[in-house]
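A.B. asks: this one's sequence-less:
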């Protein structure tokens, strides 16, 4: 596994891997073979958990070269957010990367990523106005800008993102499409603890009591799944489902709700409260952000149109 | 010369040229040669003149493959600007491209470039707030966004832009640096008619009388050059130079001044009016935008620090 901290080294390491692969492909398939080598990219903020590991596994499965980046990106944090306290553990992260068969790890400093404060920002409209975009102004401009930078450094064929940040997936897909970026976004399923809690680097902030009560997030979403799969209950209205989720979450005295939203996916358009679940003609996402003390957790469930309809 | 109108065809044509070049380089230099083939890109809005031709010539000189794009980009025009009347002549443009040895011409429709209205915009701050950015709100977001799209389609090693749009060069250079785009911006000198008028596709709008009076732009800038090269006059202040340019331009009764600005380049920072030209510690640009009837012309001169100092 190659560990690099500078952009120039990263480009060089990837070019060598691509060259190697192309030469191998030529030997096997002849010189007509154009670009046989696939680079898969997993951008992260480190403090890697099994959710990240699942992205690396998917990347390993689909790519000849797997590139992992670890960078806590300051421009996606608001002034009162947890940039300084965001958990970091480089040694453990490198162990995880090795275990998952990563080829190249990119570990830049802030000065390497932003030699000068960036004057250039990428903004995706509409999709960023709700959910975390409303709670965290400027957050997604920071995400799209850093991901575009990383894409320009790595030039990946595939990029892997967890569906826990479903809005991030939708926003990045929009950016890639709008800017004709030559990369395929591969969304990967949420990974959960045995008791249902979605994995997050921020879970380490939780006290034992908060950790216990945080289960209301996944519990409320499991109820949504059950409703969607029930031939009678899927005639519930969006308003009724919202109500059901809210009452499950408020059963935890420590839960402080930031938002509960039921939207189309990936368009993130609101759905009328009166509409029946089984009548919605698009995929749906039920997305939550709930604070426990200072720790803000997110979770979501995506209901694909086909799943809901199959029970009508 | 290959003419393509779709993004997929463009990518394919460039991939084939790169492959060809890499194979040729391998035969010549052995298999250790990584990416020998250089792609040079000249993005234009068509109605090509000798200014564009000079970009293609420079690209031809420095690149193995020259790609020209012709696209009148709607999102860089304001609601009251000349999008609909912008001059177009595809047949003549293709003749010019052939004459200059272009390999691939990309001629997309608006629907091919924007299958849906783009929700993603790239914004460069600071540099876009003065000059044409102040007169044409949103213009540079349209430019940076479409150039990023084209860069992602062509993946060029070199991209050629005329210094007539000096602010555009500064803004694009900032974007490329900030977003770590793997392309080198090559600024090329302004090309002028024999009498000094800077070439522009918009010159065709001018009446004979306007055309005659429009010479005050280049005349005023020539005076600036003379001052900078004169060991006595280069102690003029920035305010005095501004005054000199203004009085030259207002000697034309048809000239309607949009702006006259003297700024650092490429930072585009204002310079104190009291400062002497010979004391400024950076490159300087004197930039003009002047309307003749409905036609807005721009011109500029760049004084490199070394040039001014050599006469102190």
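C.D. replies: Great, that's in hand. Remember, it's a predicted structure, so these values are computed and weren't measured experimentally. Numbers count the residues shown, from 1 in each chain, chains lettered A, B, ... in the order given.
A.B. asks: neighbours around the closest residue to residue A:207 other than its chain neighbours, how many?
C.D. replies: Distances taken as Cβ to Cβ, 6 or more residues apart in numbering or on different chains place residue A:293 nearest to residue A:207, at 7.1 Å, with adjacent residues excluded. For every residue, glycine as well, the C-beta is placed using N, CA and C. Counted by other Cβ atoms under 10 Å in any protein chain shown, the residues lying close to residue A:293 total 12.
A.B. asks: which residues touch residue A:293?
C.D. replies: Contacts for residue A:293 (Cβ atoms under 8 Å, 6 or more residues apart in numbering or on different chains) come out as A:205, A:206, A:207, A:210, A:254.
A.B. asks: I'd like those as CSV, with neighbour count appended.
C.D. replies: Listed next are the contacts of residue A:293 as CSV, based on neighbours: other Cβ atoms under 10 Å in any protein chain shown:
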residue, neighbour count
A:205, 19
A:206, 19
A:207, 12
A:210, 19
A:254, 16
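A.B. asks: what's the model's confidence in the strand or helix carrying residue A:226, averaged?
C.D. replies: If you go by DSSP states H and E, residue A:226 is part of helix A:215-228. Taken as a whole, helix A:215-228 carries a mean pLDDT of 97.
A.B. asks: and the residue in the stretch 1-150 of chain A positioned nearest to chain B, how many neighbours does it have?
C.D. replies: Closest approach of the stretch 1-150 of chain A to chain B (Cβ to the nearest Cβ) occurs at residue A:120, with a separation of 3.6 Å. Residue A:120: 22 surrounding residues under other Cβ under 10 Å.
A.B. asks: Where does the prediction get shaky in the stretch 201-312 of chain A?
C.D. replies: Low-confidence segments of the stretch 201-312 of chain A, defined by pLDDT under 70, are located at A:309-312.
A.B. asks: In it, what residue lies closest to chain B?
C.D. replies: In the stretch 201-312 of chain A, the residue that lies nearest chain B is residue A:267 (10.4 Å; Cβ to the nearest Cβ).
A.B. asks: List the contacts of that residue.
C.D. replies: Per Cβ under 8 Å, 6+ apart, neighbours of residue A:267: A:127, A:170, A:282.
A.B. asks: What is the burial count for the closest residue to the second one other than its chain neighbours?
C.D. replies: Sequence neighbours aside, residue A:266 is the residue nearest to residue A:170 in space, at 3.9 Å (criterion: Cβ to Cβ, 6+ apart). Neighbourhood size, residue A:266 [other Cβ under 10 Å]: 19.
A.B. asks: so which strand or helix has residue A:266?
C.D. replies: Counting by DSSP H and E, no helix or strand carries residue A:266.
A.B. asks: For the stretch 151-300 of chain A, which residues are neighbours of chain B?
C.D. replies: A:152, A:153, A:155, A:174, A:175, A:178, A:179, A:180, A:181, A:182 (Cβ under 8 Å from any Cβ of the partner chain).
A.B. asks: one more time with 6 Å, if that's ok
C.D. replies: Residues of the stretch 151-300 of chain A lying near chain B by Cβ under 6 Å from any Cβ of the partner chain: A:152, A:153, A:174, A:175, A:178, A:179, A:180, A:181.
A.B. asks: show me what contacts the fourth one?
C.D. replies: Think residue A:175. For residue A:175, the contact set (Cβ atoms under 6 Å, 6 or more residues apart in numbering or on different chains) comprises A:124, A:144, B:120.
A.B. asks: is it true that the second one touches residue A:122?
C.D. replies: Yes: applying Cβ atoms under 6 Å as the test, residue A:144 and residue A:122 come out as touching, 4.2 Å apart.
A.B. asks: mind checking how far the residue of the stretch 1-150 of chain A closest to chain B is from residue B:142?
C.D. replies: Residue A:120 is 15 Å from residue B:142, where distance means Cβ to Cβ, to the nearest Å.
A.B. asks: next one: residue A:191
C.D. replies: Residue A:191 is 41 Å from residue B:142, by Cβ to Cβ.
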